[in-house]
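1. Predicted structure and sequence below. I'll ask about it afterward.
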Amino acid sequence: MGYFTRQSPRRGLAMPRFYFNVCNGNRFNDRDDLGQELPDRRAAWEMATRYAGDSLRDLDGDLQPEDDWRLEVQTEDGARVFQISIRASLG
Amino acid sequence: MNPLIRKLEHFVRLSPDDRAILQRASTERVRKFAARVDITREGDQPRDVHLILSGWACRYKQLEDGRRQIVSFFLPGDMCDLNVFILKEMDHSIGTITDVTIADLSREFFDEISTGYPRIATALWWETLVNSAIQREWTMNLGQRTASERMAHLLCEIFFRLRLAGLTEGTSCDFPLTQADLADATGLSKVHVNRTLQELRAARLIILRGKTLTVPSLERLMDVGLFNPNYLHMEHEGAQLDANE
């Protein structure tokens, strides 16, 4: 077990694992291989909005017109729970 | 070596008398704390200055809903905080990260220092100023740096401070911080911390295995974090006060 695969102690109900994948048009595709254990979908949603906000800030001018930045949140079985997309366009 | 002596000697060369009194104070009132407990809480009345002898601790503030900001890390040789007993109550909490051993330094000890040991007194002022400089750098970190820059910067700072404390071995050091700690210190979500660490690992800037951090090239990590160690003021700036040994 490495540093990043710390397991929560089993206390009855295990926490579901969510995966936060980032895409930025064709230029950048970042799959989340490790995921994050969170109590429920609501927590995943909160985490996603926070992460999207912080990431958008860090794009720091790298957001081009017609860019299509997307954060997808998936559960362990690969189902997409929700996504946040940010579309930049001219005019 | 006594971590406080070691730390202050990055500022000025102490005399044998200086070292003797510091050694005495660092060994008289020693207490141990387990990992992940509070040494003191926001609202407590401060009485003694706590000198970290071993282990890692942190200064943090917490909102009622549980959101927490780690404001700084304490490593061996650090004092939380010089003259804190002047204040009526603590405006922040101090918690352990690992098992921690501290020495309690009393008001009387500092009175003795200020009347009889001017070199130490000045060195303690330096220590306070460096702590303020670290806070300013953390403000910059939270305000302006991107996630990767922030993380790289924090890791550089920790590595430099551990090296000053004699706690690194070549390019490696102990690293007991969890991703939650890093999230609380960098103001990033845990997901973002996770991704940022992965990025740094993929770029071979850091190796994190178990509780050990290895920095293959400190210079490269400094570049990524836009890190300039000047704010640590570790270049023997009190040399004109050096004791004639």
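-> Noted; the coordinates are in hand. Numbering: from 1, shown residues only, chains lettered A, B, ... in the order given.

2. C-alpha only now, for contacts and for neighbours.
-> Will do.

3. Could you check the pLDDT of residue 11?
-> Answering for chain A, as no chain was given. With respect to pLDDT, A:R11 scores 50.

4. my question was about chain B
-> 96.

5. next one: the lengthiest helix in chain B to chain centre, how far?
-> In chain B, taking DSSP state H as the definition, the longest helix is helix B:118-143. Chain-centre distance of helix B:118-143: 10 Å, with C-alpha atoms, centre = their mean, to the nearest Å.

6. Check stretch B:149-157 too.
-> 14 Å.

7. what's the average pLDDT for that stretch?
-> Stretch B:149-157 shows a mean pLDDT of 97.

8. Give the buried residues for it.
-> Neighbour-count burial for stretch B:149-157 flags B:E149, B:R150, B:M151, B:A152, B:H153, B:L154, B:L155, B:C156, B:E157 (criterion: 16 or more other C-alpha atoms under 10 Å in any protein chain shown).

9. Same check on stretch B:91-101?
-> Buried positions in stretch B:91-101, judged by neighbour count with 16+ other C-alpha under 10 Å: B:H92, B:S93, B:I94, B:G95, B:T96, B:I97, B:T98, B:V100, B:T101.

10. can you list those residues in a markdown table and add pLDDT, secondary structure and distance to chain A?
-> Formatted as a markdown table, the entries for the buried residues of stretch B:91-101 read as follows, by pLDDT from 0 to 100; DSSP: H, G, I helix; E, B strand; the rest coil; distance: C-alpha to the nearest C-alpha, whole Å:
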| residue | pLDDT | secondary structure | distance to chain A |
| --- | --- | --- | --- |
| B:H92 | 94 | coil | 25 |
| B:S93 | 95 | strand | 26 |
| B:I94 | 96 | strand | 25 |
| B:G95 | 97 | strand | 22 |
| B:T96 | 97 | strand | 20 |
| B:I97 | 98 | coil | 16 |
| B:T98 | 98 | coil | 16 |
| B:V100 | 98 | strand | 22 |
| B:T101 | 98 | strand | 25 |
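
11. Tell me how many other residues surround A:E76.
-> 11 (other C-alpha atoms under 10 Å in any protein chain shown).

12. And the strands in the chain, which stretches?
-> You didn't pick a chain, so chain A it is. A:17-24, A:28-30, A:36-37, A:68-75, A:80-87 (DSSP state E).

13. switch to chain B, that's the one I care about
-> Under DSSP E, chain B gives strands at B:30-33, B:38-40, B:49-54, B:57-62, B:68-74, B:79-80, B:93-96, B:100-105, B:168-169, B:172-174, B:207-209, B:212-214.
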